[in-house]
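S.K.: kindly return the folded structure for what I paste below:
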Amino acid sequence: MSDIRPAAVAGSWYSANAEQLAGEVDGYLEAAATLPISNVVALIAPHAGLMYSGPVAAHAYRQLHDRAIDTLVIVGPSHFVAFEGVAFYGKGGFASPLGVAEIDDVLAGDLMAATTVIHEDRGPHRREHSLEMQLPFVRRVAPQARIVPLLVGHQTEATALALSEALGQVCRNKSVVLIASTDLSHYENSTTARALDTVVLQHVEKFDPDGLQAALRNNPQHACGGGPAVAVMRAARALGATRSAVLNYADSGDVSGDKSSVVGYMAAVMGGA
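M.R.: All right, here's what the predicted structure looks like:
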């Protein structure tokens, strides 16, 4: 492979030591439970520093235990670069201390052919953490799976809709799991944060992407990756998911002890009965 994206936050947001990182991730996964879901179609997982959001993210990734998956389509928000549409990294792979996740450029090409909102642009990916923070879990639960890394720029409703339609069309009848990367409210006290986050939790639990989109329209502060979450939820339903479950919720104060200014984290799964 060529054109490997180097890890941008290894050694800061998570350990750059492969043995230490694997041990931490495995510990989080062992503490999580598996739901009796026959067909996992999609996950929602947070993307903060591993010590903060890792225990929550593990509840989502635990649902992929012992499942054969060809490709994981990871959709996250762009925190540092503003642009229209959805940026795909291109051929190659994403490096991490646990190895390189190879990019499924065939599936990505099909997605780009299905909608004009997805375009190839590596620039926004260079320092972005929202996709990279999924890799420690991806490499432990599905080390053979390829990835399609997609960053959403301006999180417009039109972009979320177009992306969901492309995902629902292209990923049908394939061994693909969709992953939406999002944290919830940011830097509120824990009481305010829980009130804001509960709105998201309720819409996810009800499998109501339209309701979540409406809530985000009224207050985008509910989730930094709200657009990716809406797109993945809609696509999951199109791909046959019949139920959605919130698996875990916490905030950064549960680790830091500071409840005066927290970030909320949620893990969720969509699939069959």
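
S.K.: surely Val200 is in a helix?
M.R.: Yes. Note on Val200: a helix contains this position according to DSSP: H, G, I helix; E, B strand; the rest coil.

S.K.: let me see the ranges of the strands in the stretch 1-150 of the chain.
M.R.: 4-5, 40-45, 71-77, 86-88, 93-94, 101-102, 118-120, 146-152 (DSSP state E, counting those that start in this stretch).

S.K.: closest to Ala195 out of these?
M.R.: strand 40-45 (19.4 Å; CB to CB). No exception for glycine: its C-beta is placed from N, CA and C like everyone else's.

S.K.: specify the angle between that closest one and strand 71-77 in degrees.
M.R.: What separates the directions of strand 40-45 and strand 71-77 is an angle of 30 degrees, with axes from the mean of the first three to the mean of the last three CA atoms, to 10 degrees.

S.K.: before we move on, the earlier item: pipe the strands of the stretch 1-150 of the chain into TSV and attach mean neighbour count and distance to Val199 per row.
M.R.: Formatted as TSV, the entries for the strands of the stretch 1-150 of the chain read as follows, by neighbours: other CB atoms under 10 Å; distance: least, CB to CB, whole Å:
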stretch	mean neighbour count	distance to Val199
strand 4-5	18	34
strand 40-45	28	14
strand 71-77	26	18
strand 86-88	24	25
strand 93-94	22	32
strand 101-102	22	33
strand 118-120	17	28
strand 146-152	26	20
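
S.K.: how about those strands in TSV, adding mean pLDDT?
M.R.: Listed next are those as TSV, based on pLDDT from 0 to 100:
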stretch	mean pLDDT
strand 4-5	96
strand 40-45	98
strand 71-77	98
strand 86-88	97
strand 93-94	97
strand 101-102	97
strand 118-120	96
strand 146-152	98
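
S.K.: so which of the ones you listed is nearest Leu167?
M.R.: Taking CB to CB, strand 71-77 is the member of the strands of the stretch 1-150 of the chain nearest to Leu167, at 6.6 Å.

S.K.: who are the packing partners of the closest one?
M.R.: For strand 71-77, the helices and strands in contact under the criterion 3 or more CB pairs under 8 Å, 6 or more residues apart in numbering; DSSP states H and E are helix 105-114, strand 146-152, strand 176-181, helix 226-238.

S.K.: out of these, nearest to Tyr61?
M.R.: The closest approach between Tyr61 and any of these, judged by CB to CB, belongs to strand 176-181 at 8.8 Å.

S.K.: adjacent strands (with direction) for the next helix or strand after that closest one?
M.R.: For strand 176-181, the succeeding helix or strand toward the C-terminus, using DSSP states H and E, is strand 186-188. Strand 186-188 has the following strand partners under DSSP bridges: strand 262-271 (antiparallel).

S.K.: quick one: mean pLDDT for the strand it pairs with?
M.R.: Average pLDDT, strand 262-271: 97.

S.K.: brilliant, that's me finished.
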